[in-house]
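Participant: Sequence and predicted structure are below.
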Amino acid sequence: MKIQPIFPIGFMIFVFALFFGATAFVIIRNKVKTLEKIASLCRMTIIYILVFVIGLRPVKVDTNYEFMTKNLDVLFVVDNTISMWALDYNGKNPRMDGVKADINYIMNELAGSNFALVSFDDSARVLSPFTQDMQYIENLLDVMITPDSYYSTGSNMGIPYRDIQGLLESSNKKENRKTIVFFISDGEVTNPEEQAVDYSQFAQYIDTGAVLGYGSATGGKMKEGHSYIYDYDTHTDAISKIDEENLQKIAGELGVQYLNLNGGNSPLSASIEVIKQQAATVVETGDGAERYIDTYYYYAALLAAMLIVEGVVFIRKGRL
């Protein structure tokens, strides 16, 4: 049993003490027999305690439950380097605008699946392990911002390797699951000194997916504050260009297709339809995850009964 208070507990205790104290004062000052005062005080005490308990919102914790889900684990690997904010998506917008819109599109189309999110720039982070909470993933995407170029040390497509491996192996341990991977990047390597990696050993874990490319061959400038990032080698504004050769190489290693989505997500729709055809609804258990079951209505029923009793007593007093 746990509680999930509707209001802060301190505030609820203060209000409870204030109203109960005022009620007790009125009852005690009332010019009736002592037994009637005691009876009234007992009834009001029960009523206030029930109201307080309902406000605490007690819930039962269930860790062994069954739920319906799609048999898909969908992993998003998102490049969040400075170049992914270059202004050449669909003309002149930040590439990351397209990334966020396309991930939301995929999740809406595959609703009911499990989704995980890994981002990387000069380091990698598992922002979310596999979850059905689409809103949580959307919130994580919303708070992604342009990295600070001052602290950036460059990126390499191999940086998220270990995190991808961990999530793929986790998905592979589940029975009757299909693992979908969307590797999202412009393919630009800004730190070639980092050791390159080969993703081909992950192909055994992946059923389908795609490498999604963003950016144009002509490239785009990158804003930092109110100005553009400056290239001290060329003495002009820095330009980021998509490296499709690199992205196609990663797609080949993962065993998935490569799609350039810099002009919109229309090339993605056919791939999503194929994934939908492979999806099936399965029953899974909670496996340690907590589900909360409300119990407040039991106390609400008792409260209703006590209010009826108090109403009957009040009516009888009025007739005497």
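Facilitator: Received it, and whenever you're ready, just let me know what you need.

Participant: which stretches of the stretch 201-320 of the chain form strands?
Facilitator: Assigned by DSSP state E, counting those that start in this stretch, the stretch 201-320 of the chain shows strands spanning 208-213, 220-221, 223-224, 227-228, 230-231, 236-237, 239-240, 257-260, 281-285, 291-294.

Participant: Let's have those strands in JSON lines, adding mean pLDDT and distance to Pro129.
Facilitator: C-beta coordinates here come from the backbone N, C-alpha and C atoms, glycine included. Listed next are the strands of the stretch 201-320 of the chain as JSON lines, based on pLDDT from 0 to 100; distance: least, CB to CB, whole Å:
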{"stretch": "strand 208-213", "mean pLDDT": "96", "distance to Pro129": "18"}
{"stretch": "strand 220-221", "mean pLDDT": "94", "distance to Pro129": "33"}
{"stretch": "strand 223-224", "mean pLDDT": "82", "distance to Pro129": "32"}
{"stretch": "strand 227-228", "mean pLDDT": "84", "distance to Pro129": "37"}
{"stretch": "strand 230-231", "mean pLDDT": "79", "distance to Pro129": "38"}
{"stretch": "strand 236-237", "mean pLDDT": "88", "distance to Pro129": "39"}
{"stretch": "strand 239-240", "mean pLDDT": "92", "distance to Pro129": "30"}
{"stretch": "strand 257-260", "mean pLDDT": "96", "distance to Pro129": "26"}
{"stretch": "strand 281-285", "mean pLDDT": "61", "distance to Pro129": "15"}
{"stretch": "strand 291-294", "mean pLDDT": "74", "distance to Pro129": "18"}
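
Participant: Kindly present these as CSV, with separate columns for mean neighbour count.
Facilitator: CSV is the format used below for the strands of the stretch 201-320 of the chain (neighbours: other CB atoms under 10 Å):
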stretch, mean neighbour count
strand 208-213, 24
strand 220-221, 23
strand 223-224, 16
strand 227-228, 12
strand 230-231, 13
strand 236-237, 12
strand 239-240, 20
strand 257-260, 18
strand 281-285, 12
strand 291-294, 12
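
Participant: Which one of these lies nearest to Arg316?
Facilitator: Proximity of those to Arg316 was assessed by CB to CB; the nearest stretch is strand 291-294, lying at 35.0 Å.

Participant: I'd assumed Met144 was in contact with Asp121.
Facilitator: No: between Asp121 and Met144 there is no contact under CB atoms under 8 Å: 10.3 Å.

Participant: Pop out the phi and psi values for Thr81.
Facilitator: phi -70, psi 170 (degrees, to the nearest 10).

Participant: Any idea how many residues pack against it?
Facilitator: Using other CB atoms under 10 Å, Thr81 has 27 neighbouring residues.

Participant: gap between it and Ile184?
Facilitator: Distance of Thr81 to Ile184, computed by CB to CB, to the nearest Å: 11 Å.

Participant: and if you look at Phe115?
Facilitator: Distance of Phe115 to Ile184, computed by CB to CB: 13 Å.

Participant: tell me, what's touching these two both at once?
Facilitator: Phe76 (CB atoms under 8 Å, 6 or more residues apart in numbering).

Participant: How about the secondary structure of Thr179?
Facilitator: Per DSSP: H, G, I helix; E, B strand; the rest coil, the local secondary structure of Thr179 is strand.
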